[in-house]
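[1] Below: sequence and its predicted model.
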Amino acid sequence: MIGLLVIPCLAGLPFAYSATAPAGYEYIAPGPNDVRSPCPGINSAANHGYLPRSGKNLTPAVVAQGLLEGLNVGLDFGLPVAQGATASNPDPLAGTFNMDQLREHNFPIEHDVSLSRQDFYQGDNLHFNQSVFNQVLAFYKGKNSTDIPSAANALWSRVHTQRKLNGNKEIYSGRQLVLSLVETSLYMSLMGNPVTGDAPIEYVKSFFEHERLPYELGWTPPTEQINFATLAAMAAQVASSKPKDLLIDLPNLNADTLKDVYELKDPLTGIAINATCALAGKC
């Protein structure tokens, strides 16, 4: 699947050409004793060594630093996500997590209507599913780069498809909508431009299908940091591109929904997990 991009397709992109991964961060597929998550972002980071390649016993500090170093994801986003991920560990005192523990349905990051995984009710919600991802790719047919309207169409097509398949088992309210919007914004930001959302399709395919950072195709981390503000701005653009579909879920979207997503609570202490308390060592 992976091939060289035509040079004109690279013109004007907000990053410099890089033929190979930095030394020590080459792509290595996970081994038989390694574990991965339902999220291609942290999987890719582990496959390149920005996170421990085993995918096990990850601390929030290690995850946040790895995402910052490898993907230019800001601490204001990466740290609370990593803090929340520790809640997937059956041992609430561990303060760590294994990537495969993130498959737990509807918590903390797994959700119905994934762009690349089956829903929990269809079977394997952990591993990449080409048929599911093909539903997304169909909206970029004939295009060299992603764009926000096409991304919005792909997202809501997945919503409609899964609602038909899952029926009354579907869990897709305000929280899941926010996660979906962030998921869509994240892949366009990581593989392209965090402001405009344009990313070469070949980069996106490498990211999802191989959970690989496509250095060999010319990718480098975006020069503008991906953070809560940039993701929120792009998510708003994705949502507003399909106003009729958004209205279906809008009654479930409010300030409490955003707080639920961004500020998880420690299941043992009840302390809110967010970037401020994490940086201060209070979580």
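    Everything's here; your move.
[2] ok, the nearest residue in space to Leu126 that is not next to it in sequence to Asp119 distance?
    Among residues not flanking Leu126 along the chain, Arg103 sits closest, at 4.3 Å (C-beta to C-beta, 6 or more residues apart in numbering). In short, each C-beta sits where N, CA and C put it, glycine included. Counting by C-beta to C-beta, to the nearest Å, the gap from Arg103 to Asp119 is 12 Å.
[3] Ok, Lys141 next?
    Counting by C-beta to C-beta, the separation of Lys141 from Asp119 is 24 Å.
[4] And those two? Which one has more around it.
    Neighbour count, other C-beta atoms under 10 Å: between Lys141 and Asp119, Asp119 has more, with 25 against 8.
[5] doesn't Asn166 make contact with that one?
    Yes. Proximity of Asp119 to Asn166 meets the contact threshold set by C-beta atoms under 8 Å, at 6.1 Å.
[6] Spit out the residues that contact these two alike.
    Between them, Asp119 and Asn166 have Asp112 as joint contacts when contacts are counted by C-beta atoms under 8 Å, 6 or more residues apart in numbering.
[7] re the thing from before, who touches both of Arg103 and Asp119?
    Contact criterion C-beta under 8 Å, 6+ apart; residues bridging Arg103 and Asp119 by contacting each: Asn125.
[8] per-residue confidence averaged over the strand or helix carrying Gly78?
    Secondary-structure assignment from DSSP states H and E places Gly78 in helix 75-85. Along helix 75-85, the predicted local confidence has a mean pLDDT of 96.
[9] For Glu26, which non-adjacent residue is closest in space?
    That would be His48: by C-beta to C-beta, 6+ apart, it lies 7.0 Å from Glu26.
[10] Am I right that that neighbour is in contact with Leu213?
    Yes. With contact taken as C-beta under 8 Å, His48 and Leu213 are classed as touching, separated by 5.5 Å.
[11] neighbour-wise, which of the two wins?
    Leu213 (27 against 23).
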